[in-house]
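Enquirer: here's my sequence, what's the structure:
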Amino acid sequence: MSAVSARLRHYAPLVASVVLVAAVMFTLNALAPLVADDYGIIATARGLHTPQQFAAQLWDTYRSWDGRVVGTTFAYIFGLLGKPAFNIANASAIVFFTLLLMWHGMGAVRGHLKAYVFTCLSLWLAVTAFGQAFLWYVGVTVHLWPFILILAFMLPYRLHRTGGAPSGVFGSAARAAGMALAGLVAGWCSVNVSIAAIAWVGATITLTRRRSGSSPAWMWAGLGGAAFGYIAMIAAPGNWARSDVATPGYSLLERLFRYLYFALDGGVALMVGAAVLLYLVLRLQDRADPAAVAPAALYALAALVALAVMIVAPSYSPRVLLGPVALLIASALHMLMLVDLTDTRVRAPLAALAGLGVAVVLVQLAAGAYDIRTTGRKLEARERHVIAQRDAGILDVTVEAIVPQTRVNPLWELYDVTPDPDFWSNKQIAEYYGIDSVTGVLPRE
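Expert: Okay, here's the model as predicted:
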């Protein structure tokens, strides 16, 4: 009994941290209103009443706008289920995402308070458009949730390298078939993160063969499935249709500078700095053995691939940096777990940095929650105004635009209403409320 009690006491702080993250993220999701593309997705979902209509809508999206079928499926499903169901699902998904990142960094499916705190603090501080990445309905279903599937697909490869992969549960043929299917889904998830995962898996297989002289069939099956899924996503006719209207053309020099500005985003730079700092600490402690830090290098390579592939994109959204940042977090966490924290030369400085990070998070969390709630109240007042006008027979409505104040707000760097009633966000809001047009004006405050 004493051993059980000791184990419970050991994991109690970690469990409390996970519960706290779940509660905070559920609260933020409950406060977060529908914004931008949400109106169009939900308005479309409302018209899907049969599986045939659902499949036809996915095919139409694949053919005319976007090859990321996995994320689009999530978006339409929860467009039908409603925002309360989404709030619960997304809070749960965020917790699983943080655990997956921790397991990747540690190379084992087990809990560790230091690793979990580092993961959560890094995500908050380094994901620049936090609201877009974790609270925005469309952003979450199209980016975060598919990324979770990618990390889950990658995890068996990571555990195999550390000897933590379960074996003997399924036959080799069943494992290969399962990984091929998982790879197909993971490859079909994200333009930049899926290809980064494919590169990471390929490098992992290469290192495995060098170490043991062979690699299991399921590894190759997963890689093949991911490659096929990625090709199917990229080959979607809708990708080319969307790129034609995404942005006007830029010269080569303009594209290069726009890309560099995007790639050197503050969150990416922060995590690169953290990884370099931890590597220097390992060098100081004579723990920077090439074999020991190799997993960190693989995650950094994957992050580089996820960044590099975006150079061909016509435009850049800050939410797509979630993938590179998270992979850099896994890289830095792996090195953190190698650091000897009993060394007085590094323990105090790292503890001070952690304390500073917690203080920053608390201040930003309070400001972000207030900003989100303020935006929600303004949108509630707008909805009452629009519905009242519609019920009075006025179908061309003018409303005030809303300007978010913090990066925690899901509306941050997204379009609200504009002065042009024919702009896409205005038209989606008009369709959502069943009116002819919406025109935005600048707020009076």
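Enquirer: use CA for all of it now, contacts and neighbours both
Expert: Will do.
Enquirer: show me where the stretch 1-150 of the chain has its helices.
Expert: Using DSSP state H, counting those that start in this stretch, the helices assigned to the stretch 1-150 of the chain run over residues 2-31, 38-46, 51-64, 69-81, 83-106, 113-126, 130-134, 137-139, 145-162.
Enquirer: nearest to L333, of the ones you listed?
Expert: The stretch from those with the least distance to L333 (C-alpha to C-alpha) is helix 83-106; that distance is 5.0 Å.
Enquirer: buried ones in the closest one, by neighbour count?
Expert: When neighbours are counted by 16 or more other C-alpha atoms under 10 Å, the buried residues of helix 83-106 are found to be 83, 86-88, 90-106.
Enquirer: closest to P349 out of the helices of the stretch 1-150 of the chain?
Expert: Shortest distance between P349 and the helices of the stretch 1-150 of the chain, using C-alpha to C-alpha, is found for helix 113-126: 14.6 Å.
Enquirer: and the angle for that closest one with helix 83-106?
Expert: In this structure, helix 113-126 runs at an angle of 120 degrees to helix 83-106, with axes from the mean of the first three to the mean of the last three C-alpha atoms, to 10 degrees as the basis.
Enquirer: just want the angle from the one helix or strand A173 maps to to helix 69-81.
Expert: A173 is part of helix 172-187 when elements are defined by DSSP states H and E. Using the same axes, to 10 degrees, one finds that helix 172-187 and helix 69-81 are set 70 degrees apart in direction.
Enquirer: give me the mean pLDDT for helix 172-187.
Expert: Mean pLDDT, helix 172-187: 91.
Enquirer: the lowest-mean-pLDDT helix or strand in the chain: what's the following helix or strand?
Expert: Within the chain, confidence by mean pLDDT, DSSP states H and E is lowest for helix 237-246 among all helices and strands, at a mean of 62. In the C-terminal direction, the helix or strand that comes right after helix 237-246 (DSSP H and E) is helix 252-263.
Enquirer: same question for the next helix or strand after that next one, mean pLDDT?
Expert: Under the assignment DSSP H and E, the closest C-terminal helix or strand after helix 252-263 is helix 266-284. Helix 266-284 shows a mean pLDDT of 87.
Enquirer: do the same with stretch 298-308
Expert: 92.
Enquirer: contact partners of that stretch?
Expert: The contact list for stretch 298-308 (C-alpha atoms under 8 Å, 6 or more residues apart in numbering) reads 192-193, 195-197, 199-200, 203-204, 263, 321, 323-325, 327-328, 330-331.
Enquirer: among these, which are in helices?
Expert: Secondary-structure check on the contacts of stretch 298-308 using DSSP state H: residues within helices are 193, 195-197, 199-200, 203-204, 263, 323-325, 327-328, 330-331.
Enquirer: from these, pick the one nearest G71.
Expert: Lowest distance from G71 to these (C-alpha to C-alpha) belongs to V193, with 13.1 Å.
Enquirer: surely that closest one is in contact with V325?
Expert: No. At 10.7 Å, V193 does not count as touching V325 under the criterion of C-alpha atoms under 8 Å.
Enquirer: center of the protein, which residue is that?
Expert: Against the mean C-alpha coordinate of the chain, by C-alpha atoms, centre = their mean, the closest residue is L144 at 3.2 Å.
Enquirer: tell me the pLDDT at it?
Expert: Per-residue pLDDT puts L144 at 94.
Enquirer: and if you look at S251?
Expert: At S251, the pLDDT value in this model is 64.
Enquirer: can you tell me how far the closest residue to R175 other than its chain neighbours is from G266?
Expert: Once flanking residues are discounted, R175 sits nearest to W218: 5.8 Å by C-alpha to C-alpha, 6 or more residues apart in numbering. To G266, W218 is 38 Å away according to C-alpha to C-alpha, to the nearest Å.
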